[in-house]
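> Whatever this is, show me its structure:
(2 chains)
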2 protein chains.
Amino acid sequence: MTSHRFDPNFTDNVVNAMGENVNPRFRQLMASLIRHVHDFARENELTVDEWMAGVQLMNWAGQMSDAKRNEGQLVCDVIGLESLVDEITFKLADEATDAPTATAILGPFFRADTPFRSNGESIVKTAPKEKDGRGELAYMTGQVVDFVTKKPLVGAVVEVWQASTNGLYEQQDPDQEEFNLRGKFKTDENGKYSFYCLRPTPYPVPDDGPAGKLLKMMDRHPFRPAHIHIIATHNGYKPLTTQIFDRKDPYLTNDSVFAVKDSLVVDFVERKGDPQAGLELNYDVRLVPDGLKSNGA
Amino acid sequence: MTSHRFDPNFTDNVVNAMGENVNPRFRQLMASLIRHVHDFARENELTVDEWMAGVQLMNWAGQMSDAKRNEGQLVCDVIGLESLVDEITFKLADEATDAPTATAILGPFFRADTPFRSNGESIVKTAPKEKDGRGELAYMTGQVVDFVTKKPLVGAVVEVWQASTNGLYEQQDPDQEEFNLRGKFKTDENGKYSFYCLRPTPYPVPDDGPAGKLLKMMDRHPFRPAHIHIIATHNGYKPLTTQIFDRKDPYLTNDSVFAVKDSLVVDFVERKGDPQAGLELNYDVRLVPDGLKSNGA
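Reported below is the predicted structural model:
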């Protein structure tokens, strides 16, 4: 097993240094982490200087982090880790053919205190600046159904949030009204929700810290494709956290945090005869009943 | 190759997102790191909550770090990573039978401005507190030789530093004179150095941060076995950074940072007829000429 020329017992010694009084899951994770980190170092013959550059980068991430910003999370995001643990945690299929709706990462801009609004209401409370020329209004609607029976779910809650055309969420931007481009909606007697929103626009993740430095060193851009965040919940069903992406977005195939899944890509189509919006989006949500183990098969 | 039930293309997509303008070594390291991190997540089916606990721990390490303390380094140390990259970097043998002296980590208490002292001088400038009852004085001496020819090296510099009996280095302890228990010595016409020092005593690494939390969760103690730090240099030879360990130390087989190598374990023996010290330690150093590639075989 050991084809390298370093101490063949070193890693086992480190793993076996753990005592008896260790949580079994923690022991498994630490043992595996230690083995992978050591293998990484040996396979690449990592030098002291390279290792120390990594230490300094991770320390810098911690030093930039506070209540409003989690740079350690962002460093993980740009190497795909948050999207991967999201996929793992929810163990749901990528293809939506006959599967529940796929999940996606929550992201850092969720607010727990978003207000309820009426179906048909607009979440656009502050008009995007005209000079952007990107403020296209859209009518979004859909049905929330039981993944197994396909029956509509009445009174399910659909919560949405999106950035404005300047790439900023309302809490990042003093020019936006509080809770602009956010809302919670309850499905009606047919399981339907509806509201007006903006066609989403792409924006960069913050790139003034170690995550940005890594992106530059990897010769990658910091942009996320345009998306709308959705959380759907209903009593007796597993909550769903997801994002939907505009098929026409130029960053769809190279999201800086790798959150795009094929089943989450949607099409905005022309909407006629509505003075409020020239675009329309239909998006149905399938919720999995509690206790049902779905593997997306 | 992919025996898991997650997106089989995900990791390749993340690796291949790197652009053309990437330093080749950085590309190799990032590709390998991404693969190991993703494999770690998949093999253990890492959840979002577990991942976020790790992110918060690493952010905490950065927040505790400053000019005097590198907690990110210490987190690496307690999982053996610094010792491993030290071994890799210097690619030297563990067994000293006919090899150059093995290396060990520099540690955080080195001072670049340590003064020269005369051979035979004591580095004990502040007497350890009597109540400790651990202040045993020792005479340390040895020869610095060429690894290949075995000839003595005249004018080689041997720099040493050690903690006092309270577990603190002089810069951590206002009660110790500056440069207490430190010194640089030049070898004489026979390649010999000599000085008086303390028999070293074990001490804990700082355990009030994330490294300490990890140690507790792994059911491990924070102690390092008693040791003396040594750097030996001579023009035309590769510099050597090492630590030597007292064979009688109770933490010899379970160093909290895994820096002990068999060839670095030394024996303090009784010294007779010297009112200055009751113990003696002989320690010779073999330096490798520049340009010689030694694999310790």
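> Now do the strand or helix carrying A:Leu74: which elements does it pack against?
In this assignment (DSSP states H and E), A:Leu74 forms part of helix A:71-78. In terms of contacts (3 or more Cβ pairs under 8 Å, 6 or more residues apart in numbering or on different chains; DSSP states H and E), helix A:71-78 is packed against helix A:48-64, helix A:81-90, helix A:210-217, helix B:48-64. C-beta coordinates here come from the backbone N, C-alpha and C atoms, glycine included.
> Apply 6 Å and report the result again.
Applying 3 or more Cβ pairs under 6 Å, 6 or more residues apart in numbering or on different chains; DSSP states H and E, we find helix A:71-78 packed against helix A:48-64, helix A:210-217, helix B:48-64.
> ok, and for the shortest one, which residues are buried?
Going back to what we said before, that points to helix A:210-217. Using 16 or more other Cβ atoms under 10 Å in any protein chain shown as the test for burial, helix A:210-217 gives A:Pro210, A:Ala211, A:Gly212, A:Leu214, A:Leu215, A:Met217.
> which strands and helices sit next to it?
Here helix A:210-217 touches helix A:48-64, helix A:71-78, going by 3+ Cβ pairs under 6 Å, 6+ apart.
> Need the contact partners of that helix.
The contact list for helix A:210-217, computed with Cβ atoms under 6 Å, 6 or more residues apart in numbering or on different chains, reads A:Leu57, A:Trp60, A:Ala61, A:Leu74, A:Val75, A:Val78, A:Pro222, B:Phe26.
> The residue in chain A that chain B sits nearest to: what's it in contact with?
The nearest approach of chain A to chain B comes at A:Gly62, 1.7 Å away (Cβ to the nearest Cβ). A:Gly62 makes contacts with B:Asn59, B:Ala61, B:Gly62, B:Gln63, as judged by Cβ under 6 Å, 6+ apart.
> Check what pLDDT the third one gets.
So that's B:Gly62. On pLDDT, B:Gly62 comes in at 96.
> Show the residue spans covered by the strands in the stretch 51-200 of chain A.
A:137-146, A:157-161, A:182-186, A:192-198 (DSSP state E, counting those that start in this stretch).
> need those in JSON lines with mean neighbour count, can you?
Formatted as JSON lines, the strands of the stretch 51-200 of chain A follow (neighbours: other Cβ atoms under 10 Å in any protein chain shown):
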{"stretch": "strand A:137-146", "mean neighbour count": "21"}
{"stretch": "strand A:157-161", "mean neighbour count": "22"}
{"stretch": "strand A:182-186", "mean neighbour count": "21"}
{"stretch": "strand A:192-198", "mean neighbour count": "21"}
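> want to throw these into CSV with mean pLDDT?
Below are those laid out as CSV (pLDDT from 0 to 100):
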stretch, mean pLDDT
strand A:137-146, 97
strand A:157-161, 97
strand A:182-186, 98
strand A:192-198, 97
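> In CSV, list the ones you listed along with distance to B:Asp113.
Shown next, in CSV, are those (distance: least, Cβ to Cβ, whole Å):
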stretch, distance to B:Asp113
strand A:137-146, 66
strand A:157-161, 56
strand A:182-186, 58
strand A:192-198, 61
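> So for B:Pro108, which of those sits nearest?
Comparing the strands of the stretch 51-200 of chain A against B:Pro108 with Cβ to Cβ, the closest turns out to be strand A:157-161 (44.6 Å).
> Convert the closest one to CSV, retaining C-alpha atoms only.
The C-alpha trace of strand A:157-161 is given here as CSV (Å, rounded to 0.1, in the frame of the first residue of the first chain):
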residue,chain,number,x,y,z
VAL,A,157,-44.7,28.0,2.1
VAL,A,158,-42.5,29.1,-0.8
GLU,A,159,-39.9,31.6,0.2
VAL,A,160,-37.8,33.4,-2.4
TRP,A,161,-34.9,35.9,-2.5
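> Out of the contacts of A:Gly62, grab the one that's most surrounded.
B:Ala61 (28 neighbours; other Cβ atoms under 10 Å in any protein chain shown).
> May I have the residues that are in contact with the closest residue to that residue other than its chain neighbours?
Nearest residue to B:Ala61, sequence neighbours excluded (Cβ to Cβ, 6 or more residues apart in numbering or on different chains): B:Glu71, at 4.3 Å. Residues in contact with B:Glu71 (Cβ under 6 Å, 6+ apart) are B:Ala61, B:Met64, B:Ser65, B:Gly209.
> And A:Asn23, by the same measure?
Neighbours of A:Asn23 in contact, by Cβ under 6 Å, 6+ apart: none.
> at 10 Å what do you get?
Neighbouring residues of A:Asn23 by Cβ atoms under 10 Å, 6 or more residues apart in numbering or on different chains: A:Leu29, A:Met30, B:Met217, B:Met218, B:Asp219.
> what does A:Ala61 give?
Contacts for A:Ala61 (Cβ under 10 Å, 6+ apart) come out as A:70-76, A:209-211, A:213-214, B:55, B:58-59, B:61-63, B:72.
> With A:Thr187 as the reference, measure out to it.
40 Å (Cβ to Cβ, to the nearest Å).
> just A:Val14 next, same as before
To A:Thr187, A:Val14 is 53 Å away according to Cβ to Cβ.
> One more: A:Val15?
51 Å.
> And for A:Pro108?
In terms of Cβ to Cβ, A:Pro108 sits 27 Å off from A:Thr187.
> again, but for A:Gly107
Computed as Cβ to Cβ, the A:Gly107 to A:Thr187 distance reads 24 Å.
> Could you do A:Ala17 as well?
Applying Cβ to Cβ, the value for A:Ala17 to A:Thr187 is 54 Å.
> neighbour-wise, which of those two wins?
More crowded of A:Ala17 and A:Thr187, by other Cβ under 10 Å: A:Thr187, with 24 against 21.
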